[in-house]
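**Q** Predicted model and sequence follow; I will ask about them next.
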Amino acid sequence: MTARGQDRLIDISLYSVMAVMLLFFYIPIFTLMAFSLQEGRYLTLPFEGISLKWYGELFNSGPALSALRNSTLIAFFATIVSTVIGTMAAIAVVRYRFRGKSAFQALAGAPLAFPQLLLGIVLLLWFSVLGRWLGFNTGVVTAIIGHIVYITPFVMVIVAVQVYSFDPQLEDAARDCGANTWEVYRYVTIPLLWPGIFSAAIFAFLLSWGNFYITYSLAGSTRTIPTFIFSGIAVGSSPLYPAMATVVFVPGLLLVTAAAALRRRSSRTA
Amino acid sequence: MEQTATRSWHDPGLLVKALPSVLLQTTCFIAPLLMTFILTFQRTRDFQLRWTWDLATWTDVFSKPHYWTILGHTLVMAAACVAICMVLAFPIAYGLATRFKRFENEIKILITFAFITDATLKTFGWVLFLDKKGAANFLLSGLGLPPESVAFLFTDWATLLGMVYNLLPFAIFTLYLSIDTIDRSLILAAYDAGASKWRAHWEVTLPLCKPGIWAGSVLIFLLGVGVFLEPKVLGGGVSPMSAELIRQTFETRVNWPLGAALTLVLMVVSVFVVLLFSRILNMKRAGFGT
């Protein structure tokens, strides 16, 4: 076989594997979207009819809406705090050399390779014991703390990639021109790191928004979208849950696309 | 990048940046782990924790084979998941890093989105797809196949499918990063020396992405031993895995010390397995030499 023919064959087989894999990734997502259109009460095929009825039910359902509100609230605070802490850790790791740096890296990144359910349980024990001493219960606040612990390492890794490709002489130049530390950050460092910080923040938001394991352990009686859906699966569900799932997909897809577009633009101008 | 001078911890700029992470992970990760360890020496009576400081929980853990059977099952499932993920992820990561230039960004967005979508929802989607009256059987009977030809929901196979599905993106990302950093000229050099495509792949590309394969395997293994959603929702809870057992110990039996001990056993055994494997791989390398 000629080299060119061989090349074509490799290309074709890799693209076919990719196509099959993408189909595999989207099977459950498409299935949920399809089932949200079922008119009848049960999640079985064939459908009794096609309608958007369950979307209407969704927006009239109190528990579903409060789950949506809780998810947003938790994701909002978890995103802000983990983005700030993770960004600072990324700068510390890439731009400074100091004693105990590898220990710092290991400590700051440890939750990455820790099963989420176990992290949730370990934190639940911690907050339960602390709560008994100090008199508080698990709820939204403990869930936010749990999310921050889990998500901050992700932010650190994503922002670190951006810090690597950043020339520290730009900061020195600004300092030579008389900028103070704060001004250097405000006008040089932050704007240049912004694409990385922005996509890390989006990643953080989505990780928190869709988190099941940690919320399940730490949110007490508060329900978020994933835990609400989980309880629904157990009870024997109606198309309300697929409808809710479909509503949740939309902002996720928009945010991921926005982050990718921003990244591409910044890499083109750089 | 220019080398920066070594700074000590007294540098205020460094302190401000590193301290929040250190505080966060010591108070909310290390301290809770220590707490878990301490709890294993206590007991619960009437749903209340008693500070007894004895070894009752540990003797219980080591005298009941039941816990260890479940642990063994968990390790086997996680190892199978690692093997399947690596085989499936390699062609994708390789294609993304070297050949899919035209659709690279679109493919990345599609994979990221599928990955970031909540695992509960996707697992639920699989139930709807694989169910007796689900989408798969509906589509297949439309093609003329006998009814209920897809009937492996609520078995270990369904659990494994869910695990591979949820963890595969981790394999793709780690392999992609390691293949992407391979110096292309090394492969060209192999061609110049007369190597075929296959031989260059086997003797240059594959050995160079060993670190990526190893990192991905460790990550997937550690995450795989902790799954709870897949065995419960897709496996129907018929053959529980360790995480499910731990969850039940806390929720149904309200036995905190036992739950804490089982958590630690799971963690220690998984890390031990990882260390054992890295030892074996190192020995192999030393023995045969390359």
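**A** Thanks, I have it. Numbering: from 1, shown residues only, chains lettered A, B, ... in the order given.
**Q** Which secondary structure state does the residue in the stretch 151-290 of chain B positioned nearest to chain A sit in?
**A** Closest approach between the stretch 151-290 of chain B and chain A, counting by CB to the nearest CB: residue B:226, at 2.2 Å. Every residue, glycine included, has its C-beta placed from N, CA and C. Of the three states, residue B:226 takes coil according to DSSP: H, G, I helix; E, B strand; the rest coil.
**Q** In space, what's closest to it - neighbours in sequence excluded?
**A** residue A:115 (2.2 Å; CB to CB, 6 or more residues apart in numbering or on different chains).
**Q** Can you name the residues that contact that neighbour?
**A** B:222, B:223, B:225, B:226, B:227, B:243 (CB atoms under 8 Å, 6 or more residues apart in numbering or on different chains).
**Q** and those residues as TSV, adding neighbour count?
**A** Converted to TSV, the contacts of residue A:115 look like this (neighbours: other CB atoms under 10 Å in any protein chain shown):
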residue	neighbour count
B:222	21
B:223	23
B:225	25
B:226	25
B:227	29
B:243	27
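**Q** What segments of chain B are strands?
**A** For chain B, the strands defined by DSSP state E cover B:6-7, B:43-45, B:48-50.
**Q** right, and the ones you listed - which one's nearest chain A?
**A** strand B:6-7 (4.6 Å).
**Q** The closest residue to residue B:98 other than its chain neighbours: how many residues sit nearby?
**A** Nearest non-adjacent residue to residue B:98, counting by CB to CB, 6+ apart: residue B:179, 7.1 Å away. Other residues near residue B:179 come to 21 when the count uses other CB atoms under 10 Å in any protein chain shown.
**Q** List the residues that contact the residue of the stretch 151-270 of chain A found nearest chain B.
**A** In the stretch 151-270 of chain A, the residue that lies nearest chain B is residue A:210 (3.2 Å; CB to the nearest CB). Applying CB under 8 Å, 6+ apart to residue A:210 gives the contacts A:225, A:226, A:248, A:252, B:116, B:117, B:118, B:119, B:120, B:121.
**Q** do that again at 10 Å, thanks
**A** Residues counted as contacts of residue A:210 (CB atoms under 10 Å, 6 or more residues apart in numbering or on different chains) are A:71, A:75, A:224-226, A:248, A:252, B:116-122.
**Q** Residue B:24 now?
**A** By CB under 10 Å, 6+ apart, the contact list for residue B:24 reads A:81-82, A:85-86, A:89, A:107-108, A:111, A:145, A:148-149, A:152-153.
**Q** I'd like the residues you listed laid out as TSV, including pLDDT.
**A** Formatted as TSV, the contacts of residue B:24 follow (pLDDT from 0 to 100):
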residue	pLDDT
A:81	96
A:82	95
A:85	95
A:86	94
A:89	92
A:107	90
A:108	89
A:111	86
A:145	94
A:148	95
A:149	94
A:152	94
A:153	92
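**Q** Which ones among those also lie next to chain B?
**A** Restricting the contacts of residue B:24 to those near chain B by CB under 10 Å from any CB of the partner chain leaves A:81-82, A:85-86, A:89, A:107-108, A:111, A:145, A:148-149, A:152-153.
**Q** What about those residues, which are in helices?
**A** A:81, A:82, A:85, A:86, A:89, A:107, A:108, A:145, A:148, A:149, A:152, A:153 (DSSP state H).
**Q** Tell me the gap between the helix or strand of chain A with the lowest mean pLDDT and the middle of its chain.
**A** Within chain A, no helix or strand scores below helix A:240-269, which has a mean of 76 by mean pLDDT, DSSP states H and E. How far helix A:240-269 lies from its chain's middle: 11 Å, per CA atoms, centre = their mean, to the nearest Å.
**Q** Quick check: residue B:115 touching residue A:29?
**A** No. Taking CB atoms under 10 Å as the definition, residue B:115 is not a contact partner of residue A:29, at 11.3 Å.
**Q** residues shared between the contacts of those two?
**A** With CB under 10 Å, 6+ apart as the test, residue B:115 and residue A:29 both reach residue B:122.
**Q** Now neighbour count too, for the contacts of residue B:24, in CSV please.
**A** Listed next are the contacts of residue B:24 as CSV, based on neighbours: other CB under 10 Å:
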residue, neighbour count
A:81, 20
A:82, 29
A:85, 24
A:86, 29
A:89, 30
A:107, 20
A:108, 26
A:111, 21
A:145, 22
A:148, 25
A:149, 26
A:152, 30
A:153, 26
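**Q** and the strand or helix carrying residue A:198 with helix A:240-269, angle?
**A** Using DSSP states H and E, residue A:198 sits within helix A:190-209. Per axes from the mean of the first three to the mean of the last three CA atoms, to 10 degrees, the angle that helix A:190-209 makes with helix A:240-269 is 160 degrees.
**Q** Quick one: residues contacting the residue lying closest to residue B:242 once chain neighbours are set aside.
**A** Computed as CB to CB, 6+ apart, the closest residue to residue B:242 that is not its neighbour in sequence is residue B:74, at 4.3 Å. For residue B:74, the contacting residues are B:224-227, B:231, B:239-245, B:266, B:269-270, by CB under 10 Å, 6+ apart.
**Q** May I have the residues that are in contact with residue B:277?
**A** Applying CB under 10 Å, 6+ apart, the residues near residue B:277 are B:79, B:214, B:217, B:218, B:221.
**Q** Repeat that for residue B:264.
**A** So residue B:264 contacts A:118, A:122, B:33, B:36, B:37, B:39, B:40, B:58, B:61 (CB under 10 Å, 6+ apart).
**Q** Tell me how far it lies from residue B:226.
**A** Plainly put, residue B:264 is 13 Å away from residue B:226 if you go by CB to CB, to the nearest Å.
**Q** what residues are shared contacts of those two?
**A** With CB under 10 Å, 6+ apart as the test, residue B:264 and residue B:226 both reach residue A:118.
**Q** Is chain B within reach of the helix or strand where residue A:118 lies?
**A** Assigned by DSSP H and E, residue A:118 falls within helix A:116-134. Yes. Counting by CB under 10 Å from any CB, chain B is contacted by helix A:116-134 at A:116-130, A:132.
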